[in-house]
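Novice: This is a predicted model, with the sequence first.
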Amino acid sequence: MFRRLRDQVSSAADAAGAALGITSEAERQLVSMGFPAEQARAALNATDGNVERAAELLLAGGGAAAPAPAPTAPVYGSAAAPIDVDDDDAVRRAIAESRAAEEERRLRAAQEESMGNANRARTAAMANAGRAALARFEEKSAKKTTKKANGRNDPIRRSNTAPPDFGSIRPPTSNSGGNGGIRMKSGGLTTHHPDVKVPKRMADKTKEEQLMRCADRLKPYPFAVDTLLVALQAVRKDPSNERYRKVDKTTVGYNNTLKDKPGAEDMLLAMNFRPHGVNELRLDRSMVDDALLYLAISALEKARESEEYKENKAKARFIRELNQIRCGGDNSEAEAIRRAEFMAKVVSEPAGGSGALIQLTLGEDVVRRRFDGDDVLRDVVNWIGGHGSAIPDKLASKDWCLVDINRYPPTPIDTQKNAERTLQYIGCWPSGRLEVQPSSEEWKKGSNPDLKGSSRGLGSAPTSELH
């Protein structure tokens, strides 16, 4: 059907060209561009039939008159292009489909334009809401400022709290989950929590604050406190002596007392000591400050009076004395004989991994041995005597004490009162963790407060029975 329609249109176009006197394809092309047939024929004659050059000549004004309108194609259904009656239904269907497609295109374009207008309207509404919220915030802040000024009779002070940035309000995106949420720029901690203060770094504090803080951090390290106190007192006594104003970090004394101790080197830096090379600190004579020396010495003396310093100092002395006792067997024949006597009284260790495993802490060392459940505490004390003959005497005199670490709170055990008690009774079955520690003043005086720790293990005694 369409092939027949095309043939009819072509024949009509050929008939129209013949009516206008067009005798060649080149003339027909120029006429279809809108040039009169006469001008097209003259331009072709002038260019030896070259269509492109003829068109350029006509466009440049080489024709006698302006281009005439192009001849219109014959109307479909006119006398020049009659319609076959048999194809009438097919043409109607084609026209109906074309109209339906055009209506659908227009409807889709209208919907897209409507959605764009809605988005622009929603953005404008949010901007208006943001401006209104900013106005309410400023009005509320002004009322609060006026109220404070009337109550104190002081000039109005401007608030340090910055108003929220309503200019950053933007429409919700696809990531907002479709809830229409509003996003605002974050002003950080100072905006949301203006009363919260961030602690200063040690270097940003005043000299007095640095010295007090360093002395407080050094309390658990008594030898570091004592070393710094002696060194600063020597500088105050003789500031001209260069030897007192140097700290060599490679010496044994520095490594044993000050190295890696929190607050030790910071205190020296606060006293105006400065690094000299990699392993040395120096204090220039011109930088010696008597006021700083007084503050540092006073802070260290106060640290020596703290309970934390005293407890750690006593523990350090205890470990030193215990190590001396334990090392005595290598240097004294009499000590070796006494240790052998204690070990001879110890019962044999159960075979095959049976029995109770006792773990004993002696200062910085830990030793282990197995006992049967019906073995008594005296057997354990004799075993301890094999590591140092003076230890049982220290336990008996209550200078030191044997503590059960597995109980809470850790409980001292009276080795004289419970010497014949079984390990199961004292709570060391099927295992036990004991430690030799320096005695507290209450334990030495026998005025230890009532301890209400629970029994440990089946058949063991309560804590109060072990004192």
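Specialist: Great, that's in hand.
Novice: Only C-alpha atoms from now on, for both contacts and neighbour counts.
Specialist: Noted.
Novice: Next, count neighbours for Arg421.
Specialist: 17 (other Cα atoms under 10 Å).
Novice: how much space between it and Val380?
Specialist: Using Cα to Cα, to the nearest Å, we find Arg421 at a distance of 11 Å from Val380.
Novice: Output the host helix or strand of Leu402 as CSV, nothing but the C-alphas.
Specialist: Secondary structure from DSSP states H and E places Leu402 in strand 400-404. Coordinates of each C-alpha in strand 400-404 appear next as CSV, following Å, rounded to 0.1, in the frame of the first residue of the first chain:
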residue,chain,number,x,y,z
TRP,A,400,55.9,-10.2,105.8
CYS,A,401,52.7,-12.1,105.1
LEU,A,402,51.5,-15.0,102.9
VAL,A,403,48.5,-13.8,100.8
ASP,A,404,45.9,-15.9,99.0
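Novice: neighbouring strands for the helix or strand just after it, and are they parallel or not?
Specialist: For strand 400-404, the succeeding helix or strand toward the C-terminus, using DSSP H and E, is strand 411-413. Counting by DSSP bridges, the strands paired with strand 411-413 are strand 400-404 (antiparallel).
Novice: same question for the strand it pairs with, mean pLDDT?
Specialist: Averaged over strand 400-404, pLDDT sits at 93.
Novice: Give the buried residues for it.
Specialist: Across strand 400-404, burial judged by 16 or more other Cα atoms under 10 Å covers Trp400, Cys401, Leu402, Val403, Asp404.
Novice: which among those residues gets closest to Glu333?
Specialist: Distance ranking of the buried residues of strand 400-404 against Glu333, using Cα to Cα, places Trp400 first at 24.9 Å.
Novice: who does that closest one bridge with?
Specialist: Where Trp400 sits in a bridge, its partners, by DSSP bridges, are Pro438.
Novice: what sits against it?
Specialist: Shown in contact with Trp400 (Cα atoms under 8 Å, 6 or more residues apart in numbering): Lys394, Val436, Gln437, Pro438, Ser439.
Novice: Just the buried residues out of those, in PyMOL syntax.
Specialist: Selecting only the buried entries of these in PyMOL, with 16+ other Cα under 10 Å as the criterion:
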select buried, resi 394+436+437+438+439
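Novice: could the contacts of Trp400 go into CSV alongside pLDDT and distance to Asp195?
Specialist: Below are those laid out as CSV (pLDDT from 0 to 100; distance: Cα to Cα, whole Å):
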residue, pLDDT, distance to Asp195
Lys394, 93, 56
Val436, 95, 50
Gln437, 92, 47
Pro438, 90, 47
Ser439, 88, 47
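Novice: Turn the contacts of Trp400 into TSV, columns for distance to Lys313.
Specialist: Formatted as TSV, these follow (distance: Cα to Cα, whole Å):
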residue	distance to Lys313
Lys394	19
Val436	16
Gln437	13
Pro438	11
Ser439	13
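Novice: re the thing from before, out of the buried residues of strand 400-404, flag the one nearest to Leu322.
Specialist: Trp400 (10.3 Å).
Novice: where's the closest one relative to Ser389, distance?
Specialist: 14 Å.
Novice: same thing with Ala419?
Specialist: Ala419 is 17 Å from Ser389, by Cα to Cα.
Novice: of these two, who's got more company?
Specialist: Counted by other Cα under 10 Å, Ala419 and Ser389 do not tie: Ser389 has more neighbours, with 24 against 15.
Novice: Check the average confidence over stretch 328-342, would you?
Specialist: 87.
Novice: What residues sit buried inside it?
Specialist: Those would be Gly328, Gly329, Glu335, Ala336, Arg338, Arg339, Phe342, for stretch 328-342 by 16+ other Cα under 10 Å.
Novice: Same check on stretch 25-35?
Specialist: Ala26, Glu27, Arg28, Leu30, Val31, Met33, Phe35.
Novice: I'd like to know which elements the helix or strand hosting the third one is packed against.
Specialist: When you say that, I think you mean Arg28. For Arg28, the host element (DSSP H and E) is helix 25-32. When contacts are defined as 3 or more Cα pairs under 8 Å, 6 or more residues apart in numbering; DSSP states H and E, helix 25-32 packs onto helix 37-46, helix 51-59.
Novice: Report the angle between the last one and helix 25-32.
Specialist: Spelled out, that is helix 51-59. Interaxial angle of helix 51-59 relative to helix 25-32 (axes from the mean of the first three to the mean of the last three Cα atoms, to 10 degrees): 40 degrees.
Novice: wait, what's in contact with the residue nearest to Asn50 when sequence neighbours are not counted?
Specialist: Leaving aside its sequence neighbours, Asn50 sits nearest to Leu44 (Cα to Cα, 6 or more residues apart in numbering; 6.3 Å). Residues near Leu44 by Cα under 8 Å, 6+ apart: Ala26, Glu27, Asn50, Val51, Ala54.
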